[in-house]
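Peer 1: my questions concern the predicted model and sequence given below.
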Amino acid sequence: MGTQTRRSVAFRRGIAGMKPRAEQAGLSASTPGARSRRLQLGLGRDWSSYPAYGAAIGGLREYWYPVMWARSLQRKPRSVRLCGENIVLHRDSEGKARGLRDRCPHRGVKLSLGKQWFPDTLSCPYHGWTFNVKSGELVAVITDGPDSPMCGHVAVQTYPVEERIGLIWVYIGERQPHPLRDQLPEELVDPPRYAVGGRIQDRNGDWRLYAENGFDEGHAKYLHRTSIWRIFKVMPTWNKIHIEKRGRWLYRVEDERHWEAEFPGLGKWTNDRWFKFKPRQRQGRFMGNTGGGKTHPYIEQQKLPGFASLSLPGVLRIAYPNFIHYEFYVPIEAGRTRYVGVMVQFKTGLPKWLFYAWYLLGIRWMFHGNFSGQDHWMVENTSAPPERLYRPDVSLLEWRRLFSGPHPFHPETVDSAPDAPDAQA
Amino acid sequence: MGTQTRRSVAFRRGIAGMKPRAEQAGLSASTPGARSRRLQLGLGRDWSSYPAYGAAIGGLREYWYPVMWARSLQRKPRSVRLCGENIVLHRDSEGKARGLRDRCPHRGVKLSLGKQWFPDTLSCPYHGWTFNVKSGELVAVITDGPDSPMCGHVAVQTYPVEERIGLIWVYIGERQPHPLRDQLPEELVDPPRYAVGGRIQDRNGDWRLYAENGFDEGHAKYLHRTSIWRIFKVMPTWNKIHIEKRGRWLYRVEDERHWEAEFPGLGKWTNDRWFKFKPRQRQGRFMGNTGGGKTHPYIEQQKLPGFASLSLPGVLRIAYPNFIHYEFYVPIEAGRTRYVGVMVQFKTGLPKWLFYAWYLLGIRWMFHGNFSGQDHWMVENTSAPPERLYRPDVSLLEWRRLFSGPHPFHPETVDSAPDAPDAQA
Amino acid sequence: MGTQTRRSVAFRRGIAGMKPRAEQAGLSASTPGARSRRLQLGLGRDWSSYPAYGAAIGGLREYWYPVMWARSLQRKPRSVRLCGENIVLHRDSEGKARGLRDRCPHRGVKLSLGKQWFPDTLSCPYHGWTFNVKSGELVAVITDGPDSPMCGHVAVQTYPVEERIGLIWVYIGERQPHPLRDQLPEELVDPPRYAVGGRIQDRNGDWRLYAENGFDEGHAKYLHRTSIWRIFKVMPTWNKIHIEKRGRWLYRVEDERHWEAEFPGLGKWTNDRWFKFKPRQRQGRFMGNTGGGKTHPYIEQQKLPGFASLSLPGVLRIAYPNFIHYEFYVPIEAGRTRYVGVMVQFKTGLPKWLFYAWYLLGIRWMFHGNFSGQDHWMVENTSAPPERLYRPDVSLLEWRRLFSGPHPFHPETVDSAPDAPDAQA
């Protein structure tokens, strides 16, 4: 039975009539056979069709995650939860951010309830067990005297911690961490001067579904049509897309855009209203309907093949002409996600301050508040699987495929990825 | 070992000394053997003695249930939960009430969060999947364009919905529904003109225990003695009853009534006070202690053999001289019940409006509020089984027996009722 | 392999370097072998090393427990929960406190929701089942008439109840209770005239961990250094202790006391401040740092070998020079504890009233409030096991050993104590 036949079976089931056209110009590494097998799974009753994806319910390990604003971390210890682990963060005597497991090995009390008595240490509030924050070693037990025989025999786990683009990043995993710069969106590794605004919020809902939602073409036009962020801009009624894979990023690329549709037997539907603007560009690959304007040279220079892109471990990038918006879906634990929404503009001087003003006055509550709150509402109300997928869900299927591929920063580590057979098809 | 012997064993255990006298004039279909076996189960440690009853914890299927007031259902979708299923109700373009499973098959979002764009449709708020509310079929996907290949391949379950006596009724089950008029209390099928007042309230507690409580003779006199509804009317201290079965209804029939009792070694107990009235009737089958007055001809004409009657799937009828009160114990899910309390008076013109006034001024808060709230309090605090039953609990045992009999409206469907052996004894 | 060798293994693991010196003057019945085996368990991953201790999660049975203030118990029934059992308490017609299982056998409703109609009875609010509070027997069923055949065939469990030192005590267990006076702290059995102040509070947290915390030497100096109770009194930095067992009590005895410590590579730590007083005594066994003053003759006469002592089933005694403070950690159920904190002073006349004034103005909120609240905070935040124990935790290990020994008041009952093998080592 040839590939074509198997694919047509898929269409009659999960994604009826879908015509995948992603394998363009060698952008995707997937073979047609692997793709069609995946498509057959469109009618999913549970995650058993995606074992690596299903296993990632509590978060992916061996990655860096942004967990809090750098400016809000000081000497006072702060507790964060990441992939189901409690971590205490604070700054040592040189101001460097440090991370330890947030649990005193003595009786299980959180070290984040304690304080820093001596430089580069953290003491448990209960009995004064005192740990070096660089090594994690127990260096003193205040209530057991200078000759405490525990010292040197007990240690807590340390976590690699970095600061970039105004955020504290923590590496979670068992391996030697890859450099954070490898994992940052490329344009943020050595960027020109920039300004950052953003919002961090803990939300109910699966981090994987937040990523699916963020990259999903289907809902954007319909769900967000009522958002204040788009009040003066027409949203299309429907469009056709395909997904391109370039390096570790998936790009959503638009092939067709329709501003209205006549549904047989029902009537016409459009988001067009007399007070809404349409973008000047009408077709093709462009940077969102933002009312036009010139694209910033640094953003232009990135030559991003699509408006929206997604990569592991749950990083969404939306490239507007004058700024880039990022969403990091940070797994707190199964069913709970820290939303880290960040907007970056590559400007200095007065434009930078104008951007800050615009962020605080408008973007913050319209985009990171009202608009993103609609996503929040839907992800909290999603109860998949079971699910029935449709054409725009190609974005979601490609995202799920990433989980069974090699780790983008530790490719040699994938020894027993449960979905590996797919990749050999 | 004869039936008599087995029965006497029962008396020494669960219902010590109870003398069942229900088998009168062929009213009951139960055989003495089945009855005595049941009575032996009076000392119940769990529901294993009543498998069909135990299995009904989440509600009985293949029945109609009243779920909301008809006047509060409009175009805007409303979500109700019934027997553990989420159902979206709304009115189509002709004003007819419609019911669908409240779950979009795409990603599991509730359709009740959506809206009606085209006549007789309901659209999911997430991606605009649009279902015909008459057939349940997917007729458009707004974000996938007019040629969406999903249409015609996906449907959601529809639920039969009817309107009667001011309520929206939903049929839940897999079979072709029996006509709602078959299930309505007979006097409400083609009633003369009438007025209705009532209250709907979601309550914690098992729907079966609400039914047991509603039909229970024992607690009425004692628990409700402090209710405002009975403040000027003496409640008896104790009485003797038996249960008669006529058609699908169980009737509680009073044999003796005692206004006071002298308890050996303890003293006298009575609810009689100088400011309370006793009914003129002192003995026999009558329509509650309502202070007398002439019985309404239509109620008289029903020739109900008892004041209180109960039928599957949890419908209580209390016949007062001038109105009939109904309680529907609608299973939301295990441990949660929608109380639908309705009072019907068969009057027109001024008496009808006087009834409405009396309902709003008095009945609503005294009877459907304070009085019914006492039942609510007790059912929430009941933790049976284990249980020890006593003489008045014959009402409860007969109610439990109904679960193992044939379905009153689909008698042929009972293929594997777990309690069937009882009926053959 | 000799005892010494096994002990040294223990030191390298759980309690590294600990030098047990408890076996003094025959105070302890434990053999060195048993002790060293126990110490090897210092590195505990779960309670499996202490089966009798682990099994006691819901509370120890066959003991008396103080559950409420005597003055707050009147005719009105009160419900308490003890070792997972619901008990209704009230006073009978002679004012004697009585306890019954708080569950009507009929339908499981709490008898504490009912009332007392006849002397020495309690009636269920639902159907008027009426129990004699002395025998627990069903003596009347109000709704079933004087000839109710249930009477004499049903009874609820009674609980032995006593009143001492202003508290209501309940015995929970299956055996004939030992006299409460056997279990009271000895000095409270026939005390001279005294005054009592105290606080009862339900708290989250394991009752065993509250006992461990109460007897724990390690945290006292460090955690409580910030308590208002100790604001003008220096807390030591560290000390060395051993535990002595005398009869059923464990005593914490101080061997060394250090007011400051120089931690290698880190610096000096002390709680000493210019506004804090040190006690005049500088070394040895004394009664807490209370600023000195003469010890009360009755307290002196007890010849208590240590400031703090602990006994089953979770009774802590802290002997100050002028009063004794007791904490009873009463198990409500697994993970929930009733804290009963009581302070007793053996004075009469004006000093008694001065004590009451001082209790209400100061002790109540400083000691039973702020100070004890710090313990509450830590026990709620403890998540052991797993655990790593250190030198001062010898107190905790000796406490856990009590669980596998014979019952102090029913020594013959220990037929199958899971930890028994330890005692034979």
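Peer 2: The structure has been received and is ready for your questions. Residues are numbered from 1 along each chain as shown, chains lettered A, B, ... in the order given.

Peer 1: so where does A:Glu254 fall, helix or strand?
Peer 2: In the assignment (DSSP states H and E), A:Glu254 maps to strand A:249-258.

Peer 1: now do the SS call for A:Trp365.
Peer 2: helix (DSSP: H, G, I helix; E, B strand; the rest coil).

Peer 1: whoops, I mixed them up, A:Ser48
Peer 2: At A:Ser48, secondary structure determined by three-state DSSP is helix.

Peer 1: that one contacts A:Ala55, doesn't it?
Peer 2: No - using C-beta atoms under 8 Å, A:Ser48 is not in contact with A:Ala55, being 10.8 Å away. From N, CA and C alone the C-beta is placed, and that goes for glycine too.

Peer 1: out of the two, which sits in the busier spot?
Peer 2: A direct count of neighbours by other C-beta atoms under 10 Å in any protein chain shown for A:Ser48 and A:Ala55 places A:Ala55 higher, at 14 against 10.

Peer 1: quick one: that one is in a strand?
Peer 2: No - looking at A:Ala55 with three-state DSSP, it is helix, so not inside a strand.

Peer 1: so the residue of chain A positioned farthest from its centre is in which element?
Peer 2: The centre of chain A is farthest from one residue, A:Asp147, which by C-alpha atoms, centre = their mean lies 48.1 Å away. According to DSSP H and E, A:Asp147 maps onto no helix or strand at all.

Peer 1: show the pLDDT at A:Thr413.
Peer 2: A:Thr413 is assigned 59 on the pLDDT scale.

Peer 1: the closest residue to chain C within chain A: how many residues sit nearby?
Peer 2: Nearest to chain C, among the residues of chain A, is A:Pro149, at 2.6 Å (C-beta to the nearest C-beta). The tally of other residues near A:Pro149 (other C-beta under 10 Å) stands at 18.

Peer 1: mind checking the SS state of the closest residue to chain B within the stretch 251-400 of chain A?
Peer 2: Closest residue of the stretch 251-400 of chain A to chain B, C-beta to the nearest C-beta: A:Ser383 (3.4 Å). With three-state DSSP as the basis, the three-state label of A:Ser383 is coil.

Peer 1: swap in A:Met343?
Peer 2: Applying three-state DSSP: A:Met343 is strand.

Peer 1: run a quick neighbour tally on it.
Peer 2: As a burial measure, A:Met343 scores 22 neighbours (other C-beta under 10 Å).

Peer 1: got it, and A:Glu387?
Peer 2: 20.

Peer 1: what does the pLDDT read for it?
Peer 2: 93.

Peer 1: contacts only, for A:Val196.
Peer 2: In this structure, A:Val196 makes contact with A:165-166, A:342-344, judged by C-beta atoms under 8 Å, 6 or more residues apart in numbering or on different chains.

Peer 1: one step back: okay, now the sheet partners of the strand holding A:Glu254, with direction.
Peer 2: As defined by DSSP bridges, the strand partners of strand A:249-258 come to strand A:238-246 (antiparallel), strand A:308-311 (antiparallel).

Peer 1: beyond it, next helix or strand please.
Peer 2: strand A:260-263.

Peer 1: so which bits of that next one are buried?
Peer 2: A:261, A:263 (16 or more other C-beta atoms under 10 Å in any protein chain shown).

Peer 1: likewise for stretch A:191-208?
Peer 2: Result for stretch A:191-208 [16+ other C-beta under 10 Å]: buried residues A:194-200, A:203, A:205-208.

Peer 1: mind checking which of those are in strands?
Peer 2: Those of those mapping onto strands are A:195-200, A:203, per DSSP state E.

Peer 1: what about the residue of chain A closest to chain C, helix or strand, and which?
Peer 2: Judged by DSSP H and E, A:Pro149 forms part of no helix or strand.

Peer 1: low-confidence ranges, the stretch 301-425 of chain A, go.
Peer 2: A:413-425 (pLDDT under 70).

Peer 1: what residues does it have near chain B?
Peer 2: Neighbours of chain B within the stretch 301-425 of chain A, by C-beta under 8 Å from any C-beta of the partner chain: A:378, A:381-392.

Peer 1: just the buried subset of the residues you listed, written out for ChimeraX, thanks.
Peer 2: The following ChimeraX line selects those of those that are buried, judged by 16+ other C-beta under 10 Å:
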select /A:378,381,382,384,385,387,388,389,390,391,392
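
Peer 1: quick one: which of the residues of the stretch 301-425 of chain A next to chain B is nearest A:Glu187?
Peer 2: A:Pro392 (26.5 Å; C-beta to C-beta).

Peer 1: is it fair to say that closest one lies in a helix?
Peer 2: Yes - judged by three-state DSSP, A:Pro392 forms part of a helix.

Peer 1: which non-adjacent residue is nearest it?
Peer 2: Spatially, and ignoring its direct neighbours in sequence, A:Pro392 is nearest to A:Gly218 (3.7 Å; C-beta to C-beta, 6 or more residues apart in numbering or on different chains).

Peer 1: which ones are touching that neighbour?
Peer 2: Neighbours of A:Gly218 in contact, by C-beta under 8 Å, 6+ apart: A:390, A:392-393, B:127, B:143-144.

Peer 1: over to A:Val234?
Peer 2: A:259, A:271-273, A:276-278, A:289 are the contacts of A:Val234 under C-beta under 8 Å, 6+ apart.

Peer 1: dihedrals phi and psi, it?
Peer 2: A:Val234 has phi and psi values of phi -70, psi 140 when expressed as degrees, to the nearest 10.

Peer 1: alright, I will stop here.
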